[in-house]
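>>> Return a 3D structure for these sequence lines:
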Amino acid sequence: TLFETSEREFLSRGSARVVVPPGLMHTFEANNNKVLWRLRVRGEIPRWPDVDDEYPITVLPQPLRS
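The predicted structure is shown next:
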């Protein structure tokens with residue numbers, strides 16, 4: 001869980017930061033394989049339809065160290 005609230009003022013706007021641990025594979029696509037990342041948003045909203053959406057994201061490789 002990255003963001004959770006029951007405060008009405010934060011239901012329509014909020015933010016969270018995600019740090020991808022070092023060493024994990026970045027987004028990659030080739031002819032025979034690929035690594036895809038996605039952000040999944042799920043929300044249970046009282047007296048309103050729940051939210052269950054996915055968004056593709058790009059994770060860049062770590063810069064080379066000299």
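>>> use CA for all of it now, contacts and neighbours both
OK.
>>> could you pull out the strands for this structure?
Secondary structure of the chain (DSSP state E): strands located at 28-29, 34-35, 37-43, 51-57.
>>> Now W37: closest residue in space, sequence neighbours ignored.
Using CA to CA, 6 or more residues apart in numbering and skipping residues adjacent in sequence, the residue nearest W37 is I57, 5.6 Å away.
>>> Quick check: beta-bridge partners of the most centrally placed residue in the chain?
Geometric centre of the chain, nearest residue: L39, 2.8 Å, by CA atoms, centre = their mean. Beta bridges link L39 to Y55, judged by DSSP bridges.
>>> So, low pLDDT: which residues of the chain?
10-12, 14 (pLDDT under 70).
>>> one more time with 50, if that's ok
Within the chain, not a single segment meets pLDDT under 50.
>>> returning to what we had before: tally of neighbours for the residue nearest to W37?
11 (other CA atoms under 10 Å).
>>> repeat for L60
Residues near L60, counting by other CA under 10 Å, number 10.
>>> Likewise for L36?
14.
>>> out of everything not next to it in sequence, what's closest to it?
Computed as CA to CA, 6+ apart, the closest residue to L36 that is not its neighbour in sequence is T27, at 5.4 Å.
>>> and the one you found, what is it in contact with?
By CA atoms under 8 Å, 6 or more residues apart in numbering, T27 lies in contact with K34, V35, L36, W37, T58, V59, L60, P61.
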